[in-house]
Each structure stands twice: as C-alpha cells, then as structure tokens.
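Engineer: need a 3D model of the sequence below.
(chains A and B)
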Amino acid sequence: MNIQANISQGIQQAFQNIFDHQLELEQISLAPTRKEFEGTYTFVVFPFLKVSKLSPEATASKIGDFLKENIAEVADYNVVKGFLNLVLNELSWLDVFQKLITNPNPGQLPANGQKVMVEYSSPNTNKPLHLGHLRNNFLGYSVAEILKANGYEVIKANLVNDRGIHICKSMVAYLKFGNGETPESSGLKGDHLAGKYYVLFDKEYKKQIDELKSSGQSEEEAKKNAPILLEAQEMLRKWEANDEATVSLWKQMNAWVYAGFDATYKKMGVDFDKFYYESDTYLLGKDIVEEGLAKGVFFKKENGSVWVDLTDEGLDEKLVLRGDGTSVYITQDMGTADLKYKDFQIDKSVYVVGNEQDYHFDVLFKIMQKLGRPYGPGLYHLSYGMVDLPSGKMKSREGTVVDADDLMQEMIETAESHTKELGKIEGFSKEQAEELYEILGLGALKYFLLKVDPKKRMLFNPQESIEFQGNTGPFIQYSHARIASILRKAEQIGVDYSKADFSGVKSLAESESGLIFLLNDFEKKIRQAGEDYAPSILAQYLFDLAKEYNRFYADVPIFNENDTSVLAFRVALSAQTAKTIKKGMSLLGISVPDRM
RNA sequence: GGUCCUGUAGCUCAACUGGAUAGAGCAACUGCCUUCUAAGCAGUAGGUUUCAGGUUCGAGUCCUGACAGGAUCACCA
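Structural biologist: Got it, this is the predicted structure:
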C-alpha cells in the first residue's frame, strides 16, 4: 500500500530467495537515508550477517540487486559498509502522492473501539491559573485530540479540587479583610479575587508566626498555633459538618472562581466533557479499602490504620486509611478511579499531573492492578516537569507566579506589535486583526510549551519573550498563510487540481519529493505521538514540514509554470501541505490563519 | 540517606527507540525582496553528547560507578 511496506516485503522476499531464510516484517526496519548519501531509505544489514554468511558489502549488494530487479519503486542502490541505501524512482513519489490526496481526512485513523479518559487541568479553587497550569492544560488538551485522531473515543475530564484547608484559607481571609468585596465591586476576575485573599492569608499567617515567636514560642509551635490557621481549620470542620453560613460562603466564592476559570479556559481554547468535584468524591474509596482487606491486598495495623505492602514491587508500605477511619489522598483517588470506570467503562485512563506526584500514581496504579481492575493496565500518568522562573519556583501563596491570564494577554499584545512592525495588517478589519493577534500570540505560547518533551522541566524567562521566528508556532502558521495565499490565487485564475491529472510531471525537485515523503509520514507520526502521549513529536514534525515547504516555495516556481498539469501538481502539493499543517496544528490546539 | 526524573553547540531543543561524519532554531557573521507573503530562503562559524569504566561489528541511546540539578520519601492534598 505504501512504498515503505513494499520495500519491506521486497526485503523479506530477498531473504527468502537468496538466503532461504524467513524474516518477520517487524525485524525489517527502514531508516531515512542520511543527507550525505544518495538514497531515500536505508536498510542496515549488520544484524543479518549470521543469516547471509557473507560480508556486509556482499550481503547488501545481493539484496540491492534483488530489490532493483523486483520492486518497481527501487531505481537504484548503493552500498556503504553495511548500509544499503535505496534510491527510489522519482516518479514513484508521484504515485504515493496520488494516493495521499484521495484521503479526504488525512491524519484521522479509523475508530478502534476503545475509550480513553484524559484528566487534566485539575485546578484548586482558591487561586487563579498560572504558567504551570498552562503547560498542563495545553498538554492535556493536545493529548486528548491526538488520541481522538488515533481512533479512540475520548472523554476529557477535569477533577476540580474545590475543598480542603487551602480553600478555607481564602475564605477566612476574605471574611477578615474582604469588606464584602465582589468581582463586580472590585473589577477583579473571580479567580483573581480568591487568589488575592489566599495571598493575604499567607501574609497574615506569617505575621502571626513572627509574633508568636517573639513571645517565646518555637517556630514549630508558632506554625501550629497561629490564630488565623486555627480559624481556617475550624472553618474546614464547619464545612464538613455542613454549617449553613460556611457552605454558603464556599458556594459564593467557588461560583466567582468558576466564572473566572471559564473565561481563562475559553481563552486557552480547552474544553471538558466531564467535571468531577472533590467535594463530591472526597468520601469515596472506603469501600475499596474493605474490598482490599477482604482480598488480602491490604492489611491492618494495631491502631486500625490500613496499609498496602508494595515492597516486592520495589516501593514501600503505603497508608490507605487512617487509624481513625478517615480518608487520605489516595483513598479518594481509588474511589474516583472506580467512579470514572462506572461512568464511562473506559479502557484507558490518562492522568495529566506534574511529576511531583510520580510516586503517588505509581502506588495508585499498582493498587488498582492488584485489585484486579479491568482498566488497571490502561492507567497512565502523563507526568510533566515544572515550569520554573529564573527567580526560582513559582509559589501562588507568595504571589511569585506568572499568571495565565496575564501571560496570554501579553503574548497577544506582542503578536500585535510584531504584526504592526511588519506592516501586515493592510486590508484587515479591526475584528480580523484582533482575531489574528490572538491566533498568533496563543500559537506562539502553545507551541513553546508543547514542543518540549513533557518530562523535562523548563525554564521560562519572562524578560526574553517567546520567539516568533525559527522553530515556533508563528513560523508554521506563516507557512500555512503562504499556502492559503497560493490557493486563493489558484482559484482566482481557475487552476483545477482536483482531477489529479499530473501527467506532465516528468521529474521532481528535491523539495517536492521531500514534501511528499513528509506528507506520507503524517499518519506514522500521529500514531507515534498517540502511543507515547507526546505532542512534541507532532510539533517537531510540523516544523520539519513547514520548513520543507518553505524550501519548496523558494526553489520551485508555481505560477510561472507553463505546463498546466505540472502547475496543478504544485498547487495540489501545496494544498495537501496546508491540510496537513492545519490538521496537525489543530491536534496541538493551535489554529492557523489564512493571512498574516 | 532510599527511590524516581534530567544532564547534548553560548542559549532553547532534536536525534526514527542500538546505526554512518550527533541535527534544527535563537544569538553572531555573509548573501538573497522589479517574480507566488523576507514572520522566509541559502551559507559561515559553533561539540571530548557531565566524567570514568563496561557490553559489541557499532553507544548520545544499554549496564555499572561517580558528579551536578530537580522531585519525592506525612495518619497533608
């Protein structure tokens, strides 16, 4: 069906015929030939010398001869040491291209009947989202879209952390210092309002600690005894006892925060199919503890606390229920895992959570597997590194964060000034121009965060603004806009490339066959990105594709071509590239403009 | 201290999962707008892949041990 498969089969036959040896297709790997050598694909023969019982050169030559004779696409070959470089018939790329353009929806693999849940975002309702959340949200959204493209049915879930001591801290500070302030009266977004009081709490808390210390208490005592902390703890007790005033304040503040989050999510371009709230789930999981005890997966200590022993898995013993029968974090996570399965019968479940929780998820997944959950093997922690600032770690309570709303706004403004500097807003209405700035600013930001391997922690320097040139979102967007311009012109002068009559094409420029090679690779990359949960693979691919197109654009004239079928081919090649870029970028959550 | 992650050009990142002379972008320097958008293209320069061993035809990639940075090891979430 495609060139690579044909060649692989040819190699298989070659081994059968020449060496009387049956090779599995999986054993045959074709690598792209390095630029310094002539050829497209390279087959490394070193691993097969035991079979051929010949020198590397002789082995490679024999296989090369066979392929040249029997496989239409192989025009020639050369051998360097144990490397068999296959030179393809230029025009076989044209066949590949003809097949590619018959696919109306490139990059969409057929449904595989599997359901996967991607949980991401998971905000705390006591503070606004910051740069770290942006990485989380963009990653989660992109992985969800990539899995959809791989044929999964995807449920995007958001587990909102809407209860606990941290929310009570904001509430206490609000009661103390708020004077009835509201988002309306203050002009603050609801999430920023809550965040403000979270910071105020911490200030007051530190002040009280200092006071207690100067009156003779130890640091440890002071931290425990500060009145404002005791108030927050008291408020948590009242909340859990369903105290009317407390719950109503909690609801009020949460409502403000959600309104703020909604606006931020909308700007980010992410969405969710299902929300879970910890205020609903925090009591779940106790029945699983019982089940685990019955099955012998858990055991009880003298004080009544319940543990799981994971020492034979290389981990420790881990508490799953306190001695007083109350839950810990992992108790409710066990319960939530079951709840997700009960709600959606998912085959796989992806948790997009920072790498500081690696150990926690390791434990959680091992427990669910020991309990024999059907979804156990499909649990995956998509762990990502922190985003650090030059000044160090971001801390919400100290106010040393790069706020998500601010950063997105800055990016949009930067995009605006870049665009104006380049004088590229002629013919744009005000609305169109603003839409463009948003597409470009967010594109730059998303690409910046997604092109890096998630595992790596990254340093973000606000002073050195995110680039718009080189390996960036706008570079790829620019390539798309160029093609869109070509396509407009083609339509204007009536070029019909839909018939796919490219009969006049007798040879291909390097950039042309290079483009087809990459376009043909799209599906493979989507598959790889899906298997590895790695948007960065796709980002890298799209950069390569855009680069190759720009090379083509500079090398090969389109409208100066006399032969209409050649002209049609080049327009069709452009159109296919645009389609691929657009689809690929959409899987990263990035839109592409038609003009910029 | 135990466990996990990371370490590649001045900076930010790749390297098709063990393949050839380790590639891109930024920054620096040279060229290219009277032809489809110069947010572009072509080129120059930049490397002991943190270090030391090992495994094999072949190691940035696998193993062992150092070194550096980070995370985690709560009856917190």
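Engineer: ok, for residue A:289, nearest residue in space, not its chain neighbours?
Structural biologist: Of all residues not flanking residue A:289 in the chain, residue A:321 sits nearest, at 4.8 Å (Cβ to Cβ, 6 or more residues apart in numbering). C-beta: built from backbone N, CA, C; applies to glycine.
Engineer: how about residue A:444?
Structural biologist: Residue A:444's closest residue in space is residue A:473 (Cβ to Cβ, 6+ apart), at 4.6 Å.
Engineer: hmm, the one you found is touching residue A:589, no?
Structural biologist: No. Using Cβ atoms under 8 Å, residue A:473 makes no contact with residue A:589, being 10.5 Å away.
Engineer: distance check, residue A:147 against residue A:476.
Structural biologist: According to Cβ to Cβ, to the nearest Å, residue A:147 and residue A:476 sit 22 Å apart.
Engineer: so which elements touch the host helix or strand of residue A:573?
Structural biologist: Assigned by DSSP states H and E, residue A:573 belongs to helix A:564-587. Judged by 3 or more Cβ pairs under 8 Å, 6 or more residues apart in numbering; DSSP states H and E, helix A:564-587 is in contact with helix A:92-100, helix A:131-149, helix A:473-492, helix A:510-532, helix A:535-555.
Engineer: any buried residues in that helix, and which?
Structural biologist: Residues of helix A:564-587 classed as buried: A:566-585, A:587 (neighbour count, 16 or more other Cβ atoms under 10 Å).
Engineer: got the residues of the stretch 401-550 of chain A near RNA strand B?
Structural biologist: Taking Cβ under 7 Å from any atom of the strand as the contact definition, the stretch 401-550 of chain A meets RNA strand B at A:415, A:418-419, A:422, A:424, A:436, A:440, A:451-453, A:455-459, A:467-472, A:474-475, A:478, A:481-482, A:484-486, A:489, A:528, A:532, A:536-537, A:540, A:543, A:547, A:550.
Engineer: and the gap between the residue nearest the centre of chain A and residue A:362?
Structural biologist: For chain A, the residue whose C-alpha lies nearest the mean C-alpha position (Cα atoms, centre = their mean) is residue A:139; its distance is 3.0 Å. Noted for residue A:139: a distance of 19 Å to residue A:362, by Cβ to Cβ.
Engineer: mind checking pLDDT for residue A:327?
Structural biologist: Listed pLDDT for residue A:327 reads 89.
Engineer: how many other residues sit next to it?
Structural biologist: By other Cβ atoms under 10 Å, 19 other residues sit near residue A:327.
Engineer: is any residue of the helix holding residue A:573 near RNA strand B?
Structural biologist: No. Helix A:564-587 lies apart from RNA strand B when judged by Cβ under 7 Å from any atom of the strand; the minimum separation is 8.1 Å.
Engineer: any idea of the angle that helix forms with helix A:131-149?
Structural biologist: If you take axes from the mean of the first three to the mean of the last three Cα atoms, to 10 degrees, helix A:564-587 sits at 130 degrees to helix A:131-149.
Engineer: which ones are touching residue A:107?
Structural biologist: Residues counted as contacts of residue A:107 (Cβ atoms under 8 Å, 6 or more residues apart in numbering) are A:149, A:522-523, A:526, A:580, A:583-584, A:587.
Engineer: same list, the residues you listed, but as TSV with pLDDT please.
Structural biologist: Formatted as TSV, the contacts of residue A:107 follow (pLDDT from 0 to 100):
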residue	pLDDT
A:149	97
A:522	95
A:523	93
A:526	96
A:580	97
A:583	97
A:584	97
A:587	97
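Engineer: make CSV out of these and add distance to residue A:408.
Structural biologist: Listed next are those as CSV, based on distance: Cβ to Cβ, whole Å:
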residue, distance to residue A:408
A:149, 25
A:522, 29
A:523, 32
A:526, 27
A:580, 27
A:583, 24
A:584, 22
A:587, 20
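Engineer: ok, so of these, who is nearest residue A:512?
Structural biologist: residue A:580 (14.9 Å; Cβ to Cβ).
Engineer: quick check, that closest one in contact with residue A:521.
Structural biologist: No. Using Cβ under 8 Å, residue A:580 is not in contact with residue A:521, being 9.7 Å away.
Engineer: picking that back up, how far does the helix holding residue A:573 sit from its chain's centre?
Structural biologist: 25 Å (Cα atoms, centre = their mean, to the nearest Å).
Engineer: still on that earlier bit, could you pick out the buried ones from the residues of the stretch 401-550 of chain A next to RNA strand B?
Structural biologist: Buried among these (16+ other Cβ under 10 Å): A:415, A:418-419, A:436, A:440, A:451-452, A:458, A:468, A:471-472, A:474-475, A:478, A:481-482, A:484, A:486, A:528, A:536-537, A:543, A:547.
Engineer: on that earlier part again, which of residue A:473 and residue A:589 has more neighbours?
Structural biologist: residue A:473 (33 against 23).
Engineer: ok, that one - contacts?
Structural biologist: Per Cβ under 8 Å, 6+ apart, neighbours of residue A:473: A:440, A:443-448, A:585, A:590.
Engineer: wait, isn't residue A:49 in contact with residue A:60?
Structural biologist: No. Using Cβ under 8 Å, residue A:49 is not in contact with residue A:60; the gap is 10.2 Å.
Engineer: residue A:276 and RNA strand B, how far apart?
Structural biologist: 13 Å (Cβ to the nearest atom of the strand, to the nearest Å).
Engineer: quick one: is stretch A:333-350 near RNA strand B?
Structural biologist: No. Using Cβ under 7 Å from any atom of the strand, no contact is recorded between stretch A:333-350 and RNA strand B, whose separation bottoms out at 9.4 Å.
Engineer: now that stretch: buried residues?
Structural biologist: So, applying 16+ other Cβ under 10 Å, buried residues of stretch A:333-350: A:333-341, A:344, A:346-350.
Engineer: cool, and stretch A:22-33?
Structural biologist: Result for stretch A:22-33 [16+ other Cβ under 10 Å]: buried residues A:23, A:28, A:30, A:33.
Engineer: ok, now stretch A:101-113?
Structural biologist: Buried, per 16+ other Cβ under 10 Å, within stretch A:101-113: A:101, A:106-107.
Engineer: kindly report the same for stretch A:180-199.
Structural biologist: A:183, A:188-199.
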